[in-house]
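In: Got a predicted model here, sequence first, then my questions.
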Amino acid sequence: MESLVEATSGAVGSLVSTTILYPLDTCKTKYQAENRTHQHTKYRNISDVLWEAISTRQVLSLYQGLGTKNFQSFISQFIYFYGYSFLKRLYLKKSGFKSIGTKANLIIAAAAGACTVIVTQPLDTASSKMQTSDFGKSKGLWKSLSEGTWSEAFDGLGISLLLTANPSIQYTVFDQLKQRLLKEKTRKKRGDATSPQALSAFSAFVLGAISKCIATCVTYPAIRCKVMIQSAESESDENSNYNSQPKSRKTISGALYAIWEKEGLLGFFKGLQAQILKTVLSSALLLMIKEKITKTTWVLMIALRRLMFITRTPLKSS
């Protein structure tokens, strides 16, 4: 039941944070996807994307693909938190240890992340294509998936698996910092043994921001390559002069070469500030909301379990 509580609270937190920050995510993704020479640069910074939406009266298009993104975020976070919590408790049970070490935590987080990526990759690819489409010309989920082959729905799967290191680093840092804070909290005041201890909203926000900032800086070049791979087809539709480019960018090596050739070393960190702003705020909100609703979810699960037990008792006696 504890794994189910973790999964539910994590998924709800992801849903809320994704919706709040989605316009920023769209601007960031379109800015990251652009890979052109200085003479053909459309966006000088992320604010240019926002200004384009305002000037063309397509502000609502900043939410294009929101439904798909929320669907993907909810499923991915539910699978991740359930798998992470389940594997962590299984490890502690089998090993007999009272706490989990950093190395084991990284392995467990990576395993949970890999399972999540494989299941949700088509939704992630479709969401990226919707966000990088011209404002007002985004296609629906079914069209985005059905126009290409089944293998194209898994574009960027390899690099997405590589990026499982991102949440692994994030949640390992967060979990370790959280354990230290809760230990200090327990020493000063004994908590309720019937329910898990939770961080305050401010503490969860700060720890979430710190952990995600570290993870983002370490893995950002791979994040940029992933956006390039998934948006390659959309960009080729925009400009026929680049028809040959997207084909090479469908692979990790092709994306790396395209960035290096047109933007140089600094190109691998293009949009880093926007990525940090979006992901730090998103993760901080997610973990803050998750921590605050965990106890509520826990109480609801216990109440539901007791209700099911009460309803079954008369049936047994009869």
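Out: Noted; the coordinates are in hand.
In: how about the strands of the stretch 201-318 of the chain, start to end?
Out: Under the criterion DSSP state E, counting those that start in this stretch, the stretch 201-318 of the chain carries no strands.
In: Tell me where the model's unsure across it.
Out: 232-249, 283, 295, 297-299, 301, 309, 311-318 (pLDDT under 70).
In: Contacts only, for Gly96.
Out: Listed by Cβ atoms under 8 Å, 6 or more residues apart in numbering, Gly96 has no contact partners. Any C-beta I mention is one placed from the backbone N, CA and C, and that applies to glycine too.
In: And the pLDDT for it?
Out: Per-residue pLDDT puts Gly96 at 82.
In: and the residue positioned nearest the centre of the chain, how far is that from Ser47?
Out: Per Cα atoms, centre = their mean, the C-alpha nearest to the average position across the chain is that of Ser73, at 6.5 Å. To Ser47, Ser73 is 25 Å away according to Cβ to Cβ, to the nearest Å.
In: pretty sure the residue nearest to the centre of the chain is touching Leu15, no?
Out: Yes: contact criterion Cβ atoms under 8 Å: Ser73 and Leu15 qualify, at 6.3 Å.
In: Below-threshold pLDDT in the stretch 51-200 of the chain: ranges please.
Out: 145, 148, 188-198.
In: All the strands of it, residue numbers only.
Out: Going by DSSP E, counting those that start in this stretch, the stretch 51-200 of the chain shows no strands.
In: Now do stretch 93-110: distance from first to last residue.
Out: Stretch 93-110 stretches 19 Å from its first residue to its last (Cα to Cα, to the nearest Å).
In: Report the buried residues of that stretch.
Out: By neighbour count with 16 or more other Cβ atoms under 10 Å, stretch 93-110 contains the buried residues Ile100, Ala104, Asn105, Ile107, Ile108, Ala109, Ala110.
In: And for the closest residue to Leu256 other than its chain neighbours, the neighbour number?
Out: Distance criterion Cβ to Cβ, 6 or more residues apart in numbering; nearest residue to Leu256, sequence neighbours excluded, is Cys225 at 6.2 Å. The local packing of Cys225 (other Cβ atoms under 10 Å) involves 25 other residues.
In: next one: Glu147
Out: 11.
In: Next one: it relative to Gly208, how far apart?
Out: Taking Cβ to Cβ, one finds Glu147 at 37 Å from Gly208.
In: same question, Phe269
Out: 22 Å.
In: Looking at those two, which one has more neighbours?
Out: Gly208 (31 against 15).
In: Identify the residues contacting His110.
Out: Small correction: residue 110 is Ala, not His. Counted by Cβ under 8 Å, 6+ apart, Ala110 has contacts Thr164, Ala165, Ser168.
In: most surrounded residue in those?
Out: Top of those by neighbour count (other Cβ under 10 Å): Ser168, with 23 neighbours.
In: pretty sure that one is touching Ala104, no?
Out: No: distance between Ser168 and Ala104: 11.4 Å, which falls outside the contact criterion (Cβ under 8 Å).
In: Looking at the contacts of Ala110, which are in helices?
Out: Ala165, Ser168 (DSSP state H).
In: nearest to Tyr91, of the contacts of Ala110?
Out: Ser168 (14.5 Å; Cβ to Cβ).
In: What residues does the closest one make contact with?
Out: Leu106, Ala109, Ala110, Gly113.
In: With respect to Asp25, which of these is nearest?
Out: Scanning the contacts of Ser168 for proximity to Asp25, where the rule is Cβ to Cβ, the winner is Gly113, at 19.4 Å.
In: Need the phi and psi values for the nearest residue to that closest one once chain neighbours are set aside.
Out: Counting by Cβ to Cβ, 6+ apart, Gly113 lies nearest to Thr164, which is 3.3 Å off, once chain neighbours are set aside. Note on Thr164: its backbone torsions stand at phi -60, psi -20 [degrees, to the nearest 10].
In: Helices of this structure, start to end?
Out: Using DSSP H, helices in the chain cover 2-20, 22-33, 46-55, 66-95, 102-132, 141-146, 157-162, 165-188, 201-230, 232-238, 244-249, 252-263, 272-317.
In: for the closest residue to Leu162 other than its chain neighbours, what are its contacts?
Out: Spatial nearest neighbour of Leu162, excluding adjacent residues (Cβ to Cβ, 6+ apart): Ala222 at 5.6 Å. For Ala222, the contact set (Cβ under 8 Å, 6+ apart) comprises Ile159, Leu162, Leu163.
In: Also Gln230?
Out: With Cβ under 8 Å, 6+ apart, Gln230 has these contacts: Asp124, Thr125, Ser128, Lys129, Thr132, Asp155, Gly156.
In: between those residues, which is nearest Ala11?
Out: Using Cβ to Cβ, the contacts of Gln230 come closest to Ala11 at Asp124, 15.7 Å.
In: Near the closest one, how many other residues are there?
Out: 23.
In: Spatially nearest residue to it (excluding sequence neighbours)?
Out: Per Cβ to Cβ, 6+ apart, closest to Asp124 is Gln72, 5.7 Å.
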